[in-house]
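Undergrad: whatever this is, show me its structure:
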Amino acid sequence: GDLSGAGGASVRVDRSLRAAEAFAEVRIPLVQDMTFMRELLLEGGYRYSDYSTGIQAKTYKIGFQWEPIEDIRFRGSYNQAIRAPNILELYTPQYVTNTSEVSEDPCAQGFSGVRPSLAACQRTGVTAAQYNGFTIPQCPAGQCAVLQGGNANLEAEEAKTYTIGFTSRPRWVEGLTFSADYFHIELTGGIDNVPLATSLTQCLNTGLSIYCNNVVRNPSNGILFGTVAGAGGYIDGALTNVASSVTAGVDFQANYRLPMEALGIESWGGLSFNLGASWLLESSKVPLPGNPSHDCVGLFGPSCAHSVNPNWRHTLRMNWTTPWYNTSFSLAWRYLNGTRYEQDTNEPNGIGKGAVNKFNHTLPERSYVDLSGMWKVNDTVTVRGGVNNLFDQDPPLINSSIVGTGLPNTFPTYDLLGRHLFFGVTANF
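TA: Prediction:
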């Protein structure tokens, strides 16, 4: 509660779900032990799913593996998949709460920007008398209201994914194994809410019902900071099947075990290195059918999954197995590339404003160093301990209007508590 910033009670959910599935998988070797065909095999799978909500799904996968020579193996796959809505997405009761995602009502008193025209404000439900009399109070404390909650009519998300890559263990570099895999995930019918800023901005600019139906003013005073769903005064942010997205990138894995014997230093124990890295090429989203897509690679903010989306991140680890007392040590470097605030871009859908946020224009890159050790006392007892974030790197401080209500002025992607010590004992009987 306190550490995460949560201050209110969670809404009770008292419902249930049932799912029944049947699946089959097959792996067929096609060619073996031929020139440039040490192995060629085909993989496939099929799954039928039946949910108590009425959703029925037929999904499948097909893939291949080809090893032309001993040093390298190519692989690829295509999958058609679904994700059924979970119990919280379906049955969380709808409620109204404050949010900093929309901090101001453009048609209310004291708006810090250029006031929209009467016609624009009327599209959001403002009357001429309210507009001309400046009678609508502004959202308090930089927080307008949002209607949140589940939707029992949600359908399953559908995805088409494909991957292609290779893994290699070159004979001329003893102890090295590495792989690279390109992935492409195309999602339709994504379970999400229409971004609140998009609903409000596009309603002002276009008057289209798909946006304006989400702007529900209090009929008596026109406010956008109500507290009860039935009374109005909020922007509808309840879940619906509305979004589509594309995520693409390259994952890298590498392992290298130093040949200590070949170097004549086998008495020092064993030394190995591991790298896991991800290069994000695309993280685009279409919040509503017919909208252009906005790409969140290298960005952070509410419309970019309420998170940071660095184009590069990795973990590099060195492991030393000592020759003394069954001990081993590990040193890791975790890295996140820097990002830029989504509104300080020209991305469409009301996401980018082409401005420069004076406080959070960019988030710098972050590096964390972790150190750990393990001692196998005997066949029964193992002792382990270490320190994460050895140099006590603080998370970047981010305005609460960006991270959203309930988060501690930063994103949980970062180490929130600074240097962290741990110690443990495992006993097997």
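Undergrad: and Pro408, what helix or strand is that in?
TA: Assigned by DSSP states H and E, Pro408 falls within no helix or strand.
Undergrad: from what I can see it touches Leu416, true?
TA: Yes - contact criterion C-beta atoms under 8 Å: Pro408 and Leu416 qualify, at 6.5 Å. To be clear about C-beta, it is placed using only N, CA and C from the backbone, and glycine gets the same treatment.
Undergrad: which residues in the stretch 151-300 of the chain form helices?
TA: Ranges of helices within the stretch 151-300 of the chain are 196-206, 209-212, based on DSSP state H, counting those that start in this stretch.
Undergrad: so which of those helices gets nearest Asn311?
TA: helix 196-206 (23.9 Å; C-beta to C-beta).
Undergrad: packing partners of the closest one?
TA: helix 118-123, helix 209-212, strand 215-216, strand 234-236 (3 or more C-beta pairs under 8 Å, 6 or more residues apart in numbering; DSSP states H and E).
Undergrad: and the contacts of the second one?
TA: The set of residues that contact helix 209-212 without belonging to it, under C-beta atoms under 8 Å, 6 or more residues apart in numbering, is Arg123, Thr124, Gly125, Val194, Thr198, Ser199, Leu200, Gln202, Cys203, Leu288.
Undergrad: before we move on, the earlier item: make a markdown table out of the helices of the stretch 151-300 of the chain and add mean pLDDT.
TA: Below are the helices of the stretch 151-300 of the chain laid out as a markdown table (pLDDT from 0 to 100):
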| stretch | mean pLDDT |
| --- | --- |
| helix 196-206 | 91 |
| helix 209-212 | 90 |
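Undergrad: highest average neighbour count across those?
TA: Across those, averaging neighbours per residue (mean count of other C-beta atoms under 10 Å) puts helix 196-206 on top, at a mean of 21.
Undergrad: find the residue closest to Arg171 in space, skipping its chain neighbours.
TA: Asp71 (5.9 Å; C-beta to C-beta, 6 or more residues apart in numbering).
Undergrad: so which of the helices and strands packed on helix 196-206 comes closest to Arg257?
TA: Among the helices and strands packed on helix 196-206, the nearest to Arg257 by C-beta to C-beta is strand 234-236 (55.7 Å).
Undergrad: give the contact list for the most centrally placed residue in the chain.
TA: The centroid of the chain falls nearest to Ala305 when counting by C-alpha atoms, centre = their mean (6.0 Å). Each residue near Ala305 by C-beta under 8 Å, 6+ apart is listed here: Cys296.
Undergrad: for Val425, the count of nearby residues, please.
TA: When neighbours are counted by other C-beta atoms under 10 Å, Val425 registers 10.
Undergrad: can you put the helices of the stretch 151-300 of the chain in JSON lines and add distance to Gly301?
TA: Shown next, in JSON lines, are the helices of the stretch 151-300 of the chain (distance: least, C-beta to C-beta, whole Å):
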{"stretch": "helix 196-206", "distance to Gly301": "10"}
{"stretch": "helix 209-212", "distance to Gly301": "20"}
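Undergrad: identify whichever of those lies nearest to Asn346.
TA: Smallest distance to Asn346 across the helices of the stretch 151-300 of the chain (C-beta to C-beta): 14.5 Å, for helix 196-206.
Undergrad: rewinding a little: any idea which of the helices and strands packed on helix 196-206 scores lowest on pLDDT?
TA: Comparing mean pLDDT across the helices and strands packed on helix 196-206, the weakest is helix 209-212, with a mean of 90.
Undergrad: from the chain's centroid, how far away is it?
TA: Relative to its parent chain, helix 209-212 has a centroid offset of 27 Å by C-alpha atoms, centre = their mean, to the nearest Å.
Undergrad: do stretch 222-231 as well
TA: 31 Å.
Undergrad: what's the end-to-end length of that stretch?
TA: End-to-end distance for stretch 222-231, by C-alpha to C-alpha, to the nearest Å: 11 Å.
Undergrad: pLDDT on stretch 149-159, on average?
TA: Computed over stretch 149-159, the average pLDDT equals 93.
Undergrad: give the buried residues for that stretch.
TA: Gly149, Gly150, Asn151, Leu154, Glu155, Ala156, Glu157, Glu158, Ala159 (16 or more other C-beta atoms under 10 Å).
Undergrad: so can I have TSV of the residues you listed showing distance to Gly165?
TA: Putting the buried residues of stretch 149-159 into TSV (distance: C-beta to C-beta, whole Å) gives the following:
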residue	distance to Gly165
Gly149	41
Gly150	38
Asn151	37
Leu154	33
Glu155	32
Ala156	28
Glu157	25
Glu158	24
Ala159	19
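Undergrad: where strands are concerned, which of these count?
TA: Secondary structure from DSSP state E places Glu157, Glu158, Ala159 of the buried residues of stretch 149-159 in strands.
Undergrad: show me what contacts the closest residue to Asp392 other than its chain neighbours?
TA: The shortest distance from Asp392 to any non-neighbouring residue, by C-beta to C-beta, 6+ apart, is to Arg419 (4.2 Å). By C-beta under 8 Å, 6+ apart, the residues touching Arg419 are Val387, Asn388, Asn389, Leu390, Phe391, Asp392.
Undergrad: just give me the neighbour total for the second one.
TA: The local packing count at Asn388 equals 18, with neighbours defined by other C-beta under 10 Å.
Undergrad: I'd like the secondary structure assignment at Phe64, please.
TA: Look at Phe64: counting by DSSP: H, G, I helix; E, B strand; the rest coil, its state is strand.
Undergrad: who touches it in this structure?
TA: Leu40, Leu41, Leu42, Glu43, Arg75, Gly76, Ser77.
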